[in-house]
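Student: let me see the structure of the following:
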Amino acid sequence: MGTRKLIAFLILLFLVIAGIYGIYLVNRSRLSAVNTFDECVSMGYPILESYPRKCITPDGRSLTEAAGNVQPGK
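Tutor: Have a look, this model is predicted:
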């Protein structure tokens, strides 16, 4: 009976590790798909209210909004 429990535990452990790895892969591909400020905003990542505005991805990348030639205060 001890061998059956060990096999069941190993199978369960494998499934948990595979699930965690699968979630990691999905999140990694989702992050690499963010390449513009607008995509970053649409994903709901935090926006720094500077001029021009910046959006920060969870992996630390900073994407800056295209502000054009408008100067603040004019």
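Student: after the helix or strand containing G22, which helix or strand is next?
Tutor: Per DSSP states H and E: G22 is located in helix 2-32. As assigned by DSSP H and E, the chain's next helix or strand after helix 2-32 is helix 37-42.
Student: domain map for this structure?
Tutor: 1-33, 36-68 (automatic domain parsing).
Student: could you single out the most deeply buried of those domains?
Tutor: When these are scored by mean count of other C-beta atoms under 10 Å, the highest mean neighbour count falls to domain 36-68 (a mean of 13). Yep, even glycine has a C-beta here, placed from its N, CA and C like the rest.
Student: what's the end-to-end length of that domain?
Tutor: Taking C-alpha to C-alpha, to the nearest Å, domain 36-68 runs 15 Å from one end to the other.
Student: same question, stretch 40-56
Tutor: 8 Å.
Student: how far does it sit from the chain's center?
Tutor: From the chain centre to the centre of stretch 40-56 is a distance of 14 Å (C-alpha atoms, centre = their mean, to the nearest Å).
Student: what does that stretch rub up against?
Tutor: With contact meaning C-beta atoms under 8 Å, 6 or more residues apart in numbering, stretch 40-56 is reached by R30, V34, F37, T57, P58, S62, L63, T64, E65, A66, A67, P72.
Student: can you redo the residues you listed as JSON lines with secondary structure, distance to V16 and pLDDT?
Tutor: Output for the contacts of stretch 40-56, formatted as JSON lines (DSSP: H, G, I helix; E, B strand; the rest coil; distance: C-beta to C-beta, whole Å; pLDDT from 0 to 100):
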{"residue": "R30", "secondary structure": "helix", "distance to V16": "22", "pLDDT": "66"}
{"residue": "V34", "secondary structure": "coil", "distance to V16": "28", "pLDDT": "82"}
{"residue": "F37", "secondary structure": "helix", "distance to V16": "37", "pLDDT": "90"}
{"residue": "T57", "secondary structure": "coil", "distance to V16": "27", "pLDDT": "87"}
{"residue": "P58", "secondary structure": "coil", "distance to V16": "23", "pLDDT": "82"}
{"residue": "S62", "secondary structure": "strand", "distance to V16": "34", "pLDDT": "89"}
{"residue": "L63", "secondary structure": "strand", "distance to V16": "34", "pLDDT": "89"}
{"residue": "T64", "secondary structure": "strand", "distance to V16": "40", "pLDDT": "90"}
{"residue": "E65", "secondary structure": "coil", "distance to V16": "41", "pLDDT": "90"}
{"residue": "A66", "secondary structure": "coil", "distance to V16": "44", "pLDDT": "86"}
{"residue": "A67", "secondary structure": "coil", "distance to V16": "47", "pLDDT": "74"}
{"residue": "P72", "secondary structure": "coil", "distance to V16": "52", "pLDDT": "59"}
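Student: all good on my end, thank you.
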